[in-house]
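**Q** Sharing a model prediction with you, sequence too.
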Amino acid sequence: MDLFARRPAINSLGEALVSGVVLVVLLTLLVYADTLRRVLSRTVPAAAKTHTAFVVSVYPIVSLATLCAVVVPRAQLLAEAVTQGVFMAAVYQLWCLLVAYCGGEAELIRRVKPGSLNPRVGPCCCWPCCLLPMFAVNKRSVCLLRVLVLQLPVVQGVVYMVLLVMWAEEESLYEVNYMYLQPVVVVSILTGIWGLLMTIKMLSTVLANHLVLGKFLALQAVLLLAKFQGLTARILAWYNVLPCNPPLTPHVYANLMYNMAMVVEMLLLALFARAIYSREIPDLTEAEAEATPPTQVCVIEVSAQTSPIKESNNNNGHHQQHSITEEKVSYKF
């Protein structure tokens, strides 16, 4: 008789949890929309507005991806890949935002000179990186910084594409090879953060009033929370700390705790980013234009006018009349 009876896929507690997660995601989207409105209404270069809009979009995108993992637990790896990918792309956009604040790479080099590029910053400030010399700020060094940060989305995208292919082929294949690819992920992250911190250190004086460090921390917190909380959830599942109530395994419970924490934290980070990016910052390009004195135009006019001159010819008795027409020459400086 009970062969076709089905257990409910979700109970009242699960419905309450999902409803709460959906509500938090909606609040994150509202905060993001308000942040965009404030950013677009400020008097900053157009390029800076574009990069800012991309950076602050990290929080709603991560929230939506995490919501999908809550509703569909098997989409956990896909949600982690989206979180990782959008964060890495946002790090590069933050680097481009710093350059846009200065008015471009050429203006950045001009404003920083005669300063130098200090490679002794975290996370590579210990030996042997502490022995690295100072570098001159030129087009080559700025291009090197761009490459260090740009490799983040490229390398991370390739790694997670490989992991997704393994998971699609066989889940056990993904579980076995996951740890072997983590050194590549860690080295790529450390290299990219090193390049971004060198840029922030180099522009500490030029962008002293742009809240650069706060913007970096608001973005860096996404990676720290995702990595450390994800590792903690995996450890709890590996050591069977969480209960096992089939079909809900310890991994499902661990991912649910991790995802709910991430959703709430993305809302808090979105509010923090709204407070930072909504503040008025000086427009260096506009200040430079106002400081330049206006071009003076000097007009010199030379005019000549002569009266007709009569000449007589005694030989043939004919009179000839010559006139010099008026000439006007202007020179502008």
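**A** Sure thing, it's come through. If you're wondering where the values come from, they're calculated on a predicted model, not measured in any experiment.
**Q** Can you list the low-confidence ranges for the chain?
**A** In the predicted model, the chain carries pLDDT under 70 at residues 1-11, 14, 43, 125-130, 241, 243, 245-248, 285-333.
**Q** would you list every one of the helices in it?
**A** Residue ranges of the helices in the chain, as given by DSSP state H, are 12-40, 46-56, 58-71, 76-102, 105-112, 139-169, 171-202, 212-238, 250-277, 284-291.
**Q** Determine the set of other helices and strands touching the first one.
**A** When you say that, I think you mean helix 12-40. Helices and strands touching helix 12-40, by 3 or more Cβ pairs under 8 Å, 6 or more residues apart in numbering; DSSP states H and E, are helix 46-56, helix 58-71, helix 250-277. All C-beta spots, glycine's among them, are computed from the backbone N, C-alpha and C.
**Q** Could you single out the most deeply buried of the ones you listed?
**A** helix 58-71 (a mean of 22; mean count of other Cβ atoms under 10 Å).
**Q** Can you tell me what sits against that one?
**A** The contact list for helix 58-71 (Cβ atoms under 8 Å, 6 or more residues apart in numbering) reads 17-18, 21-22, 24-25, 28-29, 31-32, 75-76, 78-80, 82-83, 86-87, 90, 219, 222, 226, 255-256, 259-260, 262-263, 266-267, 269-270, 273.
**Q** possible to save the helices and strands packed on helix 12-40 as CSV with distance to Arg234?
**A** Converted to CSV, those look like this (distance: least, Cβ to Cβ, whole Å):
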stretch, distance to Arg234
helix 46-56, 28
helix 58-71, 14
helix 250-277, 7
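**Q** Val112: which of the ones you listed is closest?
**A** Closest approach to Val112 among the helices and strands packed on helix 12-40 is made by helix 46-56 (17.9 Å; Cβ to Cβ).
**Q** Can I get the closest one in PDB, CA atoms only?
**A** Extracted in PDB, the C-alpha atoms of helix 46-56 (Å, rounded to 0.1, in the frame of the first residue of the first chain):
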ATOM      1  CA  ALA A  46      33.400  57.200 -17.000                       C
ATOM      2  CA  ALA A  47      35.900  54.400 -16.900                       C
ATOM      3  CA  ALA A  48      36.000  54.500 -13.100                       C
ATOM      4  CA  LYS A  49      32.200  54.100 -13.000                       C
ATOM      5  CA  THR A  50      32.300  51.000 -15.200                       C
ATOM      6  CA  HIS A  51      35.000  49.300 -13.200                       C
ATOM      7  CA  THR A  52      33.200  50.200  -9.900                       C
ATOM      8  CA  ALA A  53      30.000  48.700 -11.100                       C
ATOM      9  CA  PHE A  54      31.800  45.500 -11.900                       C
ATOM     10  CA  VAL A  55      33.500  45.300  -8.600                       C
ATOM     11  CA  VAL A  56      30.400  45.800  -6.400                       C
END
